[in-house]
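In: Any chance you could fold what I've pasted below:
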Amino acid sequence: MKTTTSVAEYNGTTFYEAWRLTIARYGIYNPYTGRGAIAGLLPHGPHNVRDVLATHVLKKTGSYEQASYAIQDTPEMVRKHYGRFLPEDKAELAARILNQVWESDEMGGS
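Out: Next comes the predicted model:
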(Lines give C-alpha, C1' and ligand atoms only; values in the text may rest on other atoms or scores of the structure.)
Protein backbone atom coordinates (compact mmCIF):
# COMPACT_ATOMS: atom_id res chain seq x y z
CA MET A 1 0.00 0.00 0.00
CA LYS A 2 1.15 3.51 -0.73
CA THR A 3 2.28 5.53 2.27
CA THR A 4 0.83 8.85 1.09
CA THR A 5 -2.80 7.70 0.97
CA SER A 6 -5.16 5.22 2.57
CA VAL A 7 -6.36 4.01 -0.85
CA ALA A 8 -4.42 0.97 -2.14
CA GLU A 9 -5.77 1.26 -5.68
CA TYR A 10 -3.42 2.47 -8.42
CA ASN A 11 -4.24 4.70 -11.36
CA GLY A 12 -1.86 5.66 -14.19
CA THR A 13 -0.14 8.36 -12.18
CA THR A 14 0.23 6.47 -8.91
CA PHE A 15 1.50 3.35 -10.67
CA TYR A 16 4.15 5.41 -12.47
CA GLU A 17 5.21 7.01 -9.17
CA ALA A 18 5.41 3.61 -7.45
CA TRP A 19 7.43 2.17 -10.37
CA ARG A 20 9.98 4.99 -10.29
CA LEU A 21 10.31 4.76 -6.51
CA THR A 22 10.89 1.00 -6.71
CA ILE A 23 13.51 1.41 -9.46
CA ALA A 24 15.24 4.15 -7.47
CA ARG A 25 15.17 2.15 -4.26
CA TYR A 26 15.97 -1.38 -5.47
CA GLY A 27 17.10 -1.26 -9.11
CA ILE A 28 19.78 1.42 -9.13
CA TYR A 29 23.03 0.24 -7.59
CA ASN A 30 24.29 2.54 -4.85
CA PRO A 31 28.05 2.02 -4.29
CA TYR A 32 27.88 3.68 -0.87
CA THR A 33 25.29 1.30 0.55
CA GLY A 34 26.02 -1.70 -1.69
CA ARG A 35 22.29 -1.97 -2.41
CA GLY A 36 20.57 -2.08 -5.77
CA ALA A 37 20.77 -4.36 -8.75
CA ILE A 38 22.18 -2.50 -11.75
CA ALA A 39 25.08 -0.06 -11.78
CA GLY A 40 24.46 2.90 -14.08
CA LEU A 41 20.70 2.39 -14.25
CA LEU A 42 18.78 5.64 -14.31
CA PRO A 43 15.27 6.24 -12.99
CA HIS A 44 12.73 5.34 -15.66
CA GLY A 45 9.04 4.67 -16.08
CA PRO A 46 7.30 1.39 -16.91
CA HIS A 47 6.94 2.30 -20.59
CA ASN A 48 10.72 1.99 -21.00
CA VAL A 49 10.43 -1.76 -20.43
CA ARG A 50 8.24 -1.94 -23.53
CA ASP A 51 10.82 0.03 -25.53
CA VAL A 52 13.69 -2.20 -24.45
CA LEU A 53 11.75 -5.38 -25.17
CA ALA A 54 10.64 -4.29 -28.66
CA THR A 55 14.11 -3.07 -29.58
CA HIS A 56 15.78 -6.25 -28.31
CA VAL A 57 13.43 -8.59 -30.19
CA LEU A 58 13.71 -6.48 -33.34
CA LYS A 59 17.53 -6.52 -33.24
CA LYS A 60 17.70 -10.27 -32.51
CA THR A 61 15.15 -11.43 -35.08
CA GLY A 62 14.92 -8.60 -37.60
CA SER A 63 11.15 -9.17 -37.56
CA TYR A 64 8.62 -6.44 -36.93
CA GLU A 65 6.01 -9.15 -36.45
CA GLN A 66 7.96 -10.94 -33.69
CA ALA A 67 8.60 -7.64 -31.91
CA SER A 68 4.91 -6.76 -32.17
CA TYR A 69 3.99 -10.06 -30.50
CA ALA A 70 6.40 -9.32 -27.66
CA ILE A 71 4.77 -5.98 -26.84
CA GLN A 72 1.26 -6.91 -28.00
CA ASP A 73 0.98 -4.27 -30.68
CA THR A 74 0.89 -4.17 -34.48
CA PRO A 75 3.88 -4.74 -36.77
CA GLU A 76 3.15 -1.35 -38.36
CA MET A 77 3.46 0.42 -35.00
CA VAL A 78 6.74 -1.42 -34.28
CA ARG A 79 8.10 -0.42 -37.71
CA LYS A 80 7.04 3.18 -37.14
CA HIS A 81 8.44 3.57 -33.62
CA TYR A 82 11.35 1.12 -33.46
CA GLY A 83 12.35 0.65 -37.11
CA ARG A 84 15.23 3.10 -36.73
CA PHE A 85 17.07 0.45 -34.72
CA LEU A 86 17.05 -2.09 -37.52
CA PRO A 87 18.42 -0.69 -40.83
CA GLU A 88 22.10 -0.62 -39.90
CA ASP A 89 21.75 -4.00 -38.21
CA LYS A 90 20.24 -5.79 -41.23
CA ALA A 91 23.64 -6.45 -42.80
CA GLU A 92 25.00 -7.75 -39.49
CA LEU A 93 21.94 -9.97 -39.03
CA ALA A 94 22.29 -11.39 -42.55
CA ALA A 95 26.02 -12.00 -42.03
CA ARG A 96 25.38 -13.82 -38.76
CA ILE A 97 22.79 -16.08 -40.41
CA LEU A 98 25.10 -16.79 -43.35
CA ASN A 99 27.98 -17.56 -40.98
CA GLN A 100 25.78 -20.06 -39.17
CA VAL A 101 24.92 -21.71 -42.48
CA TRP A 102 28.59 -21.91 -43.51
CA GLU A 103 29.61 -23.28 -40.12
CA SER A 104 26.96 -25.98 -40.26
CA ASP A 105 28.09 -26.92 -43.81
CA GLU A 106 31.70 -27.20 -42.63
CA MET A 107 30.63 -29.37 -39.70
CA GLY A 108 28.50 -31.60 -41.91
CA GLY A 109 31.23 -32.04 -44.49
CA SER A 110 29.07 -31.24 -47.52
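In: can you give me the offset of stretch 43-59 from its chain's centre?
Out: 3 Å (CA atoms, centre = their mean, to the nearest Å).
In: How confident is the prediction for the spatially most central residue of the chain, by pLDDT?
Out: The centre of the chain sits closest to residue 52, judged by CA atoms, centre = their mean, with a distance of 2.0 Å. On the pLDDT scale, residue 52 is placed at 85.
In: What segments of the chain are helices?
Out: 12-22, 47-61, 64-71, 75-82, 87-108 (DSSP state H).
In: isn't residue 15 right next to residue 22, touching?
Out: No. Residue 15 lies out of contact with residue 22 (CB atoms under 8 Å); the separation is 10.5 Å. The way it works is simple: take the backbone N, C-alpha and C, and place the C-beta from them, glycine included.
In: which of the helices of the chain sits most buried?
Out: helix 64-71 (a mean of 18; mean count of other CB atoms under 10 Å).
In: could you give the angle of that one to helix 75-82?
Out: 90 degrees (axes from the mean of the first three to the mean of the last three CA atoms, to 10 degrees).
In: chain center to helix 64-71: distance?
Out: That offset, for helix 64-71, works out to 12 Å (CA atoms, centre = their mean).
In: same question, stretch 52-68
Out: Distance, centroid of stretch 52-68 to centroid of chain: 9 Å (CA atoms, centre = their mean).
In: any idea how far residue 101 is from residue 52?
Out: As for residue 52, its distance to residue 101 is 30 Å (criterion: CB to CB, to the nearest Å).
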